[in-house]
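Undergrad: Have a look; sequence and predicted model below, questions after that.
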Amino acid sequence: MELQKNGHSRDEGFDGVEVIPELEECLPHKPGAKKEVHFTDFEGKTSFGMSIFNLSNAIMGSGILGLAFAMANTGIVLFLILLVCIALLSAYSIHLMLRSAGVVGIRAYEQLGQRAFGHPGKLLAACVITVHNIGAMSSYLFIVKSELPLVIQSFLSKTESTGEWFLNGNYLIIIVSALVILPLAVMRRLGYLGYTSGFSLTCMVFFLISVIYKKFNIPCPLSVKPANTTPPMSNLSVHSETNVTCEAKLLTMNSETAYTIPILAFAFVCHPEVLPIYTELRNATKKRMQAVANISILAMFVMYLLTAIFGYLTFYTGVEEELLHTYAKVDPLNVLTLSVRLSVLVAVTLTVPVVLFPIRRALLQIFFPDKPFHWARHIIIAVCLVVFADLLVILVPSIKDIFGVIGATSAPSLIFILPAIFYIRIVPQDQEPLKSRPKIQAACFAALGFVFMVMSLSFIIIGWATGKSRARGH
């Protein structure tokens, strides 16, 4: 990860960043002068397949658990149209980033900001990445905090917690962070996480297979278990059988439909990880990295679509906001249900270190831009970030609305606004004038991001006002 990131990297650490004017590359070198190493000369060590695993794992978020609920509130046809549009827009956004990086020889989001708008642009990109990824880390840890005690409780055949320390979610996230997340987070290169990313995706594939299998084994309307068998779920809304319509809707509109676009947009956020993965890609070229992005987005598109369709066709209008909760209501002690919940826990836990890498890089860019790589600094930042995320999850009882505001501002910025405006500023006008079709498209893309941001914030504010907030993390 710290194998940066700039057009003229250093051999000893690649942590320092020195931005050299573009035109200087065209000047003849003096005889005997040492030639600067261009980023295309750097030999990445991560294979094409491992890069796909890492980027796919960065895309895959906890939002997959809410896609069936989103489909229930849009209908199959409208959901499919929105999912296709968001996937294509995300791929186009990555194209803009890679095009900008190729022009100036930079592979760090923050340095693209500096080249486009100077130091304020660098700070803006670093802050947006930091805020968004801390929110994503915390959302994953919240899943661990809420789901892991229930899984352990179910494996012990307990119907309720009697105060044991190993059923306390606060203790469990500290243990998981210390034993699993932190050792992975202190690795020097993001490419090393390709194996854990592959295992994480395998867990999510198992989740998808189970969702498909459950479709043919759960009757509709639901036979909900008595409330006293699942006390942890007592705070969830329970759909009575008379309220469940066991009929698939191709198109539907209701008060929840407006939340679908933000949910889908957040589900494809992976942009802070794109350039670091590009840096470590073996035989890196723009075309090769774009292929990594396209395959990753396509794979996640298929997983999202199948999860949404089969989850929706299992429960129809009875689907909960989080799909796992709906399965838990039907048969909380079922072995397959427990295995699915455990696989999701493993997947989100192994995703946390991947999300942490861009935060650390952003902090290094802000506070230590000219310092070479140092293990002590590398480890201390990782420890501080993990401790901060754990404290946030432990001390704040409900921060879904805070995450909603963070997501409504950072996700559109990372996907739409920043890549577009960086592209417009960085690509020289002699190559593409401001009135050229690519730059007009980029400007429209940025405008679309502003629309998404305003719309998402409006939905959250309306939710606060009506008491029906549905804000979600990545």
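TA: Okay, I see it.

Undergrad: use CA for all of it now, contacts and neighbours both
TA: Fine.

Undergrad: From the chain's centroid, how far away is the helix ranked longest in the chain?
TA: Determined from DSSP state H, the single longest helix within the chain is helix 119-155. Computed by C-alpha atoms, centre = their mean, to the nearest Å, the separation of helix 119-155 from the middle of its chain amounts to 9 Å.

Undergrad: before we move on, what about stretch 201-209?
TA: From the chain centre to the centre of stretch 201-209 is a distance of 17 Å (C-alpha atoms, centre = their mean).

Undergrad: Can you name the residues in contact with it?
TA: Defining contact as C-alpha atoms under 8 Å, 6 or more residues apart in numbering, one finds that stretch 201-209 is touched by 53, 56, 57, 303, 306, 307, 340, 343, 344, 346, 347.

Undergrad: how about the strands in this structure?
TA: Across the chain, reading from the start of the chain, the strands by DSSP state E fall at 8-9, 37-38.

Undergrad: follow-up on the earlier one: same list (the contacts of stretch 201-209) but as JSON lines, adding neighbour count and pLDDT.
TA: Conversion of the contacts of stretch 201-209 to JSON lines gives the following (neighbours: other C-alpha atoms under 10 Å; pLDDT from 0 to 100):
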{"residue": "53", "neighbour count": "25", "pLDDT": "85"}
{"residue": "56", "neighbour count": "25", "pLDDT": "87"}
{"residue": "57", "neighbour count": "29", "pLDDT": "81"}
{"residue": "303", "neighbour count": "19", "pLDDT": "92"}
{"residue": "306", "neighbour count": "18", "pLDDT": "93"}
{"residue": "307", "neighbour count": "25", "pLDDT": "91"}
{"residue": "340", "neighbour count": "22", "pLDDT": "82"}
{"residue": "343", "neighbour count": "21", "pLDDT": "85"}
{"residue": "344", "neighbour count": "25", "pLDDT": "84"}
{"residue": "346", "neighbour count": "21", "pLDDT": "86"}
{"residue": "347", "neighbour count": "27", "pLDDT": "84"}
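
Undergrad: ok, so of the residues you listed, who is nearest residue 317?
TA: The shortest approach to residue 317 among the contacts of stretch 201-209 belongs to residue 307, at 15.5 Å (C-alpha to C-alpha).

Undergrad: rewinding a little: now the longest helix of the chain: mean pLDDT?
TA: The predicted model gives helix 119-155 an average pLDDT of 86.

Undergrad: now stretch 182-191
TA: In this model, stretch 182-191 carries a mean pLDDT of 82.

Undergrad: CA atoms only for it - export them in CSV, please.
TA: These are the backbone C-alpha positions of stretch 182-191, laid out as CSV (Å, rounded to 0.1, in the frame of the first residue of the first chain):
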residue,chain,number,x,y,z
LEU,A,182,-4.8,-6.2,13.6
PRO,A,183,-2.3,-8.8,12.4
LEU,A,184,-3.6,-8.5,8.8
ALA,A,185,-3.7,-4.7,9.0
VAL,A,186,0.0,-4.4,9.9
MET,A,187,1.0,-6.1,6.7
ARG,A,188,3.1,-3.7,4.5
ARG,A,189,1.5,-4.4,1.1
LEU,A,190,-2.2,-4.7,0.2
GLY,A,191,-1.4,-7.4,-2.2
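
Undergrad: which other residues reach that stretch?
TA: The set of residues that contact stretch 182-191 without belonging to it, under C-alpha under 8 Å, 6+ apart, is 1-3, 45-46, 50-51, 54, 193, 276-277, 280, 353-354, 356-357, 378-379, 382-383, 386.
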